[in-house]
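**Student:** Sequence plus the predicted model coming up.
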Protein chains: 2
Amino acid sequence: MPGGGHADLSPVNFLLRAARVFPERPAVRGEKADLTYAGLLERAERLAGALRALGLGAGDRVATVLPNTEPMLEAHFAVPGSGLVLVPLNYRLAGPELAAVLAHSGARCVIADTEFADRVQEALEELDPRPEVLWCSATGADDHDRAVASAERVPLRPAAESALLSINYTSGTTGAPKGVMYTHRGAAVHTLGVIAEAGLSPSSRYLWTLPMFHCHGWAYTWAVTAMGGRHVCLRSVDPPRAWDLIREEEVTHLCGAPTVLRMLLDAAPAEAPARPVRVFTGGAPPAPALLQRCESLSWEVTHLYGLTETYGPLVVCAWHPEWSALDAEAQARLKARQGVPTVVSEPLRVVGDDGRDVPADGETLGEVLMRGNNVTTGYYRDEEATARAFTDGWFHSGDVGVMHPDGYLELRDRLKDIIISGGENISSIEVEQALVAHPDVSEAAVVGVPDERWGERLKAFVVLRAGATASDDDLVAFARTRLAGYKVPREIELMDALPTTSTGKVQKYALRTRAAASAGQSS
Amino acid sequence: MPGGGHADLSPVNFLLRAARVFPERPAVRGEKADLTYAGLLERAERLAGALRALGLGAGDRVATVLPNTEPMLEAHFAVPGSGLVLVPLNYRLAGPELAAVLAHSGARCVIADTEFADRVQEALEELDPRPEVLWCSATGADDHDRAVASAERVPLRPAAESALLSINYTSGTTGAPKGVMYTHRGAAVHTLGVIAEAGLSPSSRYLWTLPMFHCHGWAYTWAVTAMGGRHVCLRSVDPPRAWDLIREEEVTHLCGAPTVLRMLLDAAPAEAPARPVRVFTGGAPPAPALLQRCESLSWEVTHLYGLTETYGPLVVCAWHPEWSALDAEAQARLKARQGVPTVVSEPLRVVGDDGRDVPADGETLGEVLMRGNNVTTGYYRDEEATARAFTDGWFHSGDVGVMHPDGYLELRDRLKDIIISGGENISSIEVEQALVAHPDVSEAAVVGVPDERWGERLKAFVVLRAGATASDDDLVAFARTRLAGYKVPREIELMDALPTTSTGKVQKYALRTRAAASAGQSS
């Protein structure tokens, strides 16, 4: 073609540009060192050199077992920028779990933090051949630092846009691990959507309360970099440390599950800055009490929804400026909805058992299906699971929801979390939303308990706000005012905290086990 | 492929999404009617129906001769959303010029405003076969309204991303018209860049001071729509009307050449709202005096650069937040630079006669070359011009500039605007910048005048600020303090206004003719 008009889309370009445009701007407030954009690029290029020196070549997989520190950011550009494939692992996995995903991905190299050395070593011992390891540590010079310091700089380059960029293993609680494949194009397009929805700019300062291993930190690894903003690293969600950084760095954006936000808010210092922070949350709808506390700190909360298979949040509860004039309860109800596909995403569908779209009546349950640039091309080395998950290019999320008349999606449950009691399908999320509407309630989780008469009956686990005094009877009475009788849980257990997964989702299976056990004792 | 991962990128999707997400939000403050997003989509779908009823089919060209009113916005989605090709014409073209581009594009339909009826009719009479015409008018129901009202709704769809979306004829002053081709992918990617750089959101209100026919209004036709913001239409740059709209609509963003900004600022009412407006300008660097007046109104100015061949501005003077602490003169000097490619754009090059990149020394002149998704695939039906303009996929802009050590481009001239005096290459822009640094100077244009001794000598045309009193001698003395002797113009002519093209660029050729004529008289 004599003319122009094509360049491969890749998030690698975002660091290359930031290093050209903003070389001296502070890119990373790191754990051991602060980096400018020129410095971040140099470290990434030297890491690329170190990986080449280890003998890695096109398409080889590089796994990470890293917290939210500078080596993880560097890997996000060095690995895909060298034609390699990034495999960001959940650092909370046990040794055998790590071994399983390392083996499945065929990783030839692991970049790991010594904080997780025991489990990583345990995993490595099971592997043959054993991957190379670059150890990082919280303090002092380490293997990784030495390898990077002594390596040659290898210029980073975007790959062909359809090339495999990363494999993200899902944190599913059952079955074999599944490796969700991301492409360079998908990641670049998704990142541009994040920039648009979050309003990122060179003045943005992003606090890393969301794990970077989780869908590449919802693409903020790339999005903050693209705009020349600042990454503020945080090894773990240590609330006092987080508050120090929020104050010192004048943080403008952060992400986290409601549980994480609650941890931060509960630890807010008396002199916490009431400076606008854009807060993005997902995994569970933000409860009214949580929204209220956020508002008192000028934290503007946006609810998101997605899965690992959709590059993280593909759905945003896009806020109509007009809605800000509504009362707090109405706003909370609107914010509890998952929303609509982002500006770069294709329309989604909510589909009934017959494979047809359910009516947009806010009531009829269906499964959520997605497709488009920010939907995975499939599961790595698992054609069977891929074939099962897709129909005509549509990904079956396994999530159940309703379509509201205004086109906003509201989730009701995971397919397996629907409770069937007395022949009625009950959405546990709907019951949970009714409970958290009570001003004393901080969190609620509802599960089904086997029941001879009804098949299943409802049990709710509730965490009250600090100092709140509502009794279980009060909550049952409150729920009666909001729900049909068959949806009101007869049994409510108050807890100090709900059990959660490493990514902040409530562990329903643990609650089900607990509920079944206590039902067994009492019967 | 069993999995997902691909959807065609197209700006048509942006309206489809806005109509789903924000159906009731005000989309357009129009001339005759205000439209919601649902209303804009309906009008666009009915226009698609009307075009189909005229017998148009895939790939057919639809030209527009329209001001910045609602029919032009509607055409931006209806035409590409029906697999047709949009040809937005400059409504200032004369009849024979319109005839030439209509014939070259082979347009089968013209959507035209009756304001330009004489010239459009003149053009149509030259054409065989004659295109269909849909007439729009400023008031009352018209052909276009009736056709749209009676047409069936035809759902809009994105085309294959590599498909031709539009042909933009360049406003070059010489030679045959050249039709710059845009693709759906190029336009979608460029638009996402505009959203990122301009920080558009659902709360944005965009005043249409830049012609929509000019590179699709620098892609704001699509970008404002994508975010669910509001288009505020403006038939012509009528400053009192513009100020009414700025106040009533609480405008947040506008674009225009410095000449247009100056018109607005000169007409600013005493009680003008000092509300932040993000202002984007290009075509010429904003002069310090202009920046100062903008600042007094809280207008934040960003300097852009591009050509029709680069989908409009591909280069942005990306502002480092740190620079805001510098003094006004230093800031103005930085803002006069064109800048760096936007976040979706590929790196550009500045290349010397030997085809190699010039050193980034801020001094060595070279031609600016671009490539990437937002660079044209070539000229419509003109393989020869396409081949001439591209080398290995790089577009030769014909613009001459320097690369600063920090990677920012600064233009010095069009290739043909370089003045060679006494064997020295002199950049007219550099001399103009020195003159506009004088506090009394509003605008300056420098041309070469044939000279027996020097080959060419410099002549400057200067517009003073209202009430300013500097003499030509004062300005020569001032220029001496900033420029090498051979760059100081000996002749300065004060004018009330500089002659400009329809897109606000100074007509250097007119000034050259005037300078040569007066030189002839005086010799």
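**Tutor:** Yep, it's here.

**Student:** what ranges do the strands span in the stretch 1-150 of chain A?
**Tutor:** Ranges of strands within the stretch 1-150 of chain A are A:26-29, A:34-36, A:61-65, A:85-88, A:109-113, A:132-136, based on DSSP state E, counting those that start in this stretch.

**Student:** What's the local residue count around A:Asp145?
**Tutor:** Taking other C-beta atoms under 10 Å in any protein chain shown as the neighbour definition, A:Asp145 ends up with a count of 18. The C-beta positions use only the backbone N, C-alpha and C, and glycine is treated the same way.

**Student:** out of the strands of the stretch 1-150 of chain A, nearest to chain B?
**Tutor:** strand A:26-29 (9.9 Å; C-beta to the nearest C-beta).

**Student:** Tell me which residues are up against that closest one.
**Tutor:** Strand A:26-29 is contacted from outside by A:18, A:34-37, A:39-40, A:70, A:73, A:225, A:228, A:230-233, A:245, A:249, using C-beta atoms under 8 Å, 6 or more residues apart in numbering or on different chains.

**Student:** Now, those residues that are in helices?
**Tutor:** A:Ala18, A:Tyr37, A:Gly39, A:Leu40, A:Glu70, A:Leu73, A:Thr225, A:Leu245 (DSSP state H).

**Student:** Excluding residues flanking it in the chain, which one is nearest A:Lys122?
**Tutor:** Rather than Lys, residue A:122 is Glu. Closest residue to A:Glu122 apart from its sequence neighbours, by C-beta to C-beta, 6 or more residues apart in numbering or on different chains: A:Gly95 at 3.1 Å.

**Student:** if we can go back for a sec, filter the contacts of strand A:26-29 down to the buried ones and hand me the ChimeraX line.
**Tutor:** To isolate the buried subset of the contacts of strand A:26-29 in ChimeraX, counting by 16 or more other C-beta atoms under 10 Å in any protein chain shown, use the following:
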select /A:18,35,36,37,39,40,70,73,225,228,230,231,232,233,245,249
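
**Student:** Please list which of the contacts of strand A:26-29 are also close to chain B.
**Tutor:** Counting by C-beta under 8 Å from any C-beta of the partner chain, A:Gly228 from these sit close to chain B.

**Student:** mind listing the strands in the stretch 301-450 of chain A by residue range?
**Tutor:** Going by DSSP E, counting those that start in this stretch, the stretch 301-450 of chain A shows strands at A:312-316, A:340-341, A:349-351, A:366-370, A:390-391, A:394-403, A:409-414, A:419-421, A:424-426, A:441-451.

**Student:** can you check the stretch 151-300 of chain A too?
**Tutor:** With DSSP E, counting those that start in this stretch, the ranges of strands along the stretch 151-300 of chain A come out as A:164-169, A:179-183, A:205-207, A:230-232, A:253-255, A:277-281, A:299-307.

**Student:** Other residues contacting stretch A:477-484?
**Tutor:** Contact partners of stretch A:477-484, identified using C-beta under 8 Å, 6+ apart, comprise A:Glu430, A:Val431, A:Ala434, A:Leu435, A:Ala437, A:His438, A:Ala470, A:Lys487, A:Val488, A:Pro489.

**Student:** now do 6 Å
**Tutor:** Under the criterion C-beta atoms under 6 Å, 6 or more residues apart in numbering or on different chains, residues A:Ala434, A:His438, A:Val488 lie in contact with stretch A:477-484.

**Student:** List phi and psi for the closest residue to the last one other than its chain neighbours.
**Tutor:** Right, the one you point to is A:Val488. Using C-beta to C-beta, 6+ apart and skipping the chain neighbours, the partner closest in space to A:Val488 is A:Ala479 (4.7 Å). As for A:Ala479, its main-chain torsions (degrees, to the nearest 10) stand at phi -60, psi -40.

**Student:** Tell me how far A:Ala479 lies from A:Leu54.
**Tutor:** The gap separating A:Ala479 from A:Leu54 is 58 Å, by C-beta to C-beta, to the nearest Å.

**Student:** quick revisit: neighbours of the residue nearest to A:Glu122, how many?
**Tutor:** Here the number of neighbours of A:Gly95 (other C-beta under 10 Å) works out to 17.

**Student:** same question, A:Glu363
**Tutor:** For A:Glu363, the tally of surrounding residues (other C-beta under 10 Å) stands at 11.

**Student:** Kindly report the same for A:Glu367.
**Tutor:** Residues near A:Glu367, counting by other C-beta under 10 Å, number 18.

**Student:** That one and A:Val351 touch, don't they?
**Tutor:** Yes - using C-beta atoms under 6 Å, A:Glu367 is in contact with A:Val351, at 5.5 Å.

**Student:** so where's chain A uncertain?
**Tutor:** A:1-2, A:171-176, A:415-416, A:502-504, A:520-523 (pLDDT under 70).

**Student:** Closest to B:Arg333 out of the contacts of stretch A:477-484?
**Tutor:** Nearest to B:Arg333 among those is A:His438, at 60.5 Å by C-beta to C-beta.

**Student:** could you dump the strands of the stretch 1-150 of chain A to CSV with distance to B:Gln331?
**Tutor:** Formatted as CSV, these follow (distance: least, C-beta to C-beta, whole Å):
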stretch, distance to B:Gln331
strand A:26-29, 21
strand A:34-36, 22
strand A:61-65, 42
strand A:85-88, 40
strand A:109-113, 43
strand A:132-136, 41
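
**Student:** tally of neighbours for the residue found closest to A:Thr114 once you drop the neighbours it is linked to in the chain?
**Tutor:** Closest residue in space to A:Thr114, ignoring its immediate chain neighbours: A:Ser137 at 4.4 Å, by C-beta to C-beta, 6+ apart. Here the count is done by other C-beta under 10 Å, and A:Ser137 has 19 residues near it.

**Student:** One more: A:Leu124?
**Tutor:** 18.

**Student:** Contacts only, for it.
**Tutor:** Residues in contact with A:Leu124 (C-beta under 6 Å, 6+ apart) are A:Arg130.

**Student:** And A:His76, by the same measure?
**Tutor:** Going by C-beta under 6 Å, 6+ apart, A:His76 touches A:Thr221.

**Student:** of all the residues in the stretch 251-400 of chain A, which ones are close to chain B?
**Tutor:** Within reach of chain B by C-beta under 6 Å from any C-beta of the partner chain, the stretch 251-400 of chain A has these residues: A:318, A:321, A:340, A:343, A:346, A:371-373, A:375, A:377-378, A:386-387, A:390, A:393, A:395.

**Student:** what do you get if the cut-off is 8 Å, keeping everything else the same?
**Tutor:** For the stretch 251-400 of chain A, the residues in contact with chain B (C-beta under 8 Å from any C-beta) are A:318-322, A:340-341, A:343-344, A:346-347, A:370-373, A:375-379, A:383, A:386-387, A:389-390, A:393-395.

**Student:** So which of the residues you listed belong to helices?
**Tutor:** Those of those lying in helices (DSSP H): A:Glu383, A:Thr386, A:Ala387, A:Ala389.

**Student:** Emit the PyMOL select command for whichever of those are buried.
**Tutor:** Only the buried entries of these go into this PyMOL selection, using 16+ other C-beta under 10 Å:
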select buried, chain A and resi 386+389
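
**Student:** which of the ones in helices among the residues of the stretch 251-400 of chain A next to chain B lies closest to A:Arg414?
**Tutor:** A:Ala389 (14.5 Å).

**Student:** Am I right that that closest one is in contact with A:Phe395?
**Tutor:** Yes - the criterion here is C-beta atoms under 8 Å, and A:Ala389 meets it with A:Phe395 at 5.9 Å.

**Student:** Need the overlap of contacts for those two.
**Tutor:** Contacts common to A:Ala389 and A:Phe395, judged by C-beta under 8 Å, 6+ apart, are A:Glu309, B:Gly3.

**Student:** A:Ala466 - how many residues pack around it?
**Tutor:** Using other C-beta under 10 Å, A:Ala466 is surrounded by 7 other residues.

**Student:** do A:Ala94 as well
**Tutor:** Using other C-beta under 10 Å, A:Ala94 is surrounded by 11 other residues.

**Student:** Many thanks, we can stop here.
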